[in-house]
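Undergrad: Everything below, folded, please.
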Amino acid sequence: QVQLVESGGGLVQAGGSLRLSCAASGRTFFNNVMGWFRQASGKEREFVAAISWSGGSTLYTDSVKGRFTISRDNAKNTMSLQMNSLKPEDTAIYYCAVDGARRSTIRIGIPAYDYWGQGTQVTVSS
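TA: As a prediction, the model looks like this:
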């Protein structure tokens, strides 16, 4: 059974940093795109960042470019999201997700991702 578990969320002041981690179990995902999504209260889930199977390609939503960095460790079957210069508008539940298909390209649509974690809350106070 595939399981994705996020950790690292919490409460931080604006301008601060957090590092989210996603640990996968049940199968290895070294051939799969992995990504982060977030959902703020009352809003739809949105794409944040994704990384190719090799780590050689990354994609970010415009609002986090230059502040967030996605990375992965295929040997450990994990993925991380380093979040710096956090803003109150970054407050959301952050979800780890994996594209179950072996693709060379990164997709940002929610339907492209087959496996999801339970989410971790990130709250940025002003």
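Undergrad: How much space separates the closest residue to I108 other than its chain neighbours from G10?
TA: Spatially, and ignoring its direct neighbours in sequence, I108 is nearest to F47 (4.1 Å; Cβ to Cβ, 6 or more residues apart in numbering). (C-beta placed from N, C-alpha, C; glycine too.) According to Cβ to Cβ, to the nearest Å, F47 stands 22 Å off from G10.
Undergrad: hmm, back to that, and the residue nearest to I108, what element?
TA: Here F47, judged by DSSP states H and E, is contained in strand 46-51.
Undergrad: Counting neighbours, go ahead and name the busier of F47 and G10.
TA: F47 (21 against 13; other Cβ atoms under 10 Å).
Undergrad: where does that one land on pLDDT?
TA: Note on F47: pLDDT of 98.
Undergrad: in terms of contact, does it touch G35 like I think?
TA: Yes. Using Cβ atoms under 8 Å, F47 is in contact with G35, at 6.9 Å.
Undergrad: Strands of the chain, residue ranges please.
TA: 3-7, 10-13, 18-25, 34-39, 46-51, 58-60, 68-73, 78-83, 92-98, 115-116, 120-125 (DSSP state E).
Undergrad: Relative to R107, which of the ones you listed is closest?
TA: strand 46-51 (7.7 Å; Cβ to Cβ).
Undergrad: Show me what L4 is bridged to.
TA: A24 (DSSP bridges).
Undergrad: mind checking how far it is from W116?
TA: 6 Å.
Undergrad: Between those two, which contacts overlap?
TA: Residues touching both L4 and W116 (Cβ atoms under 8 Å, 6 or more residues apart in numbering) are C96, A97.
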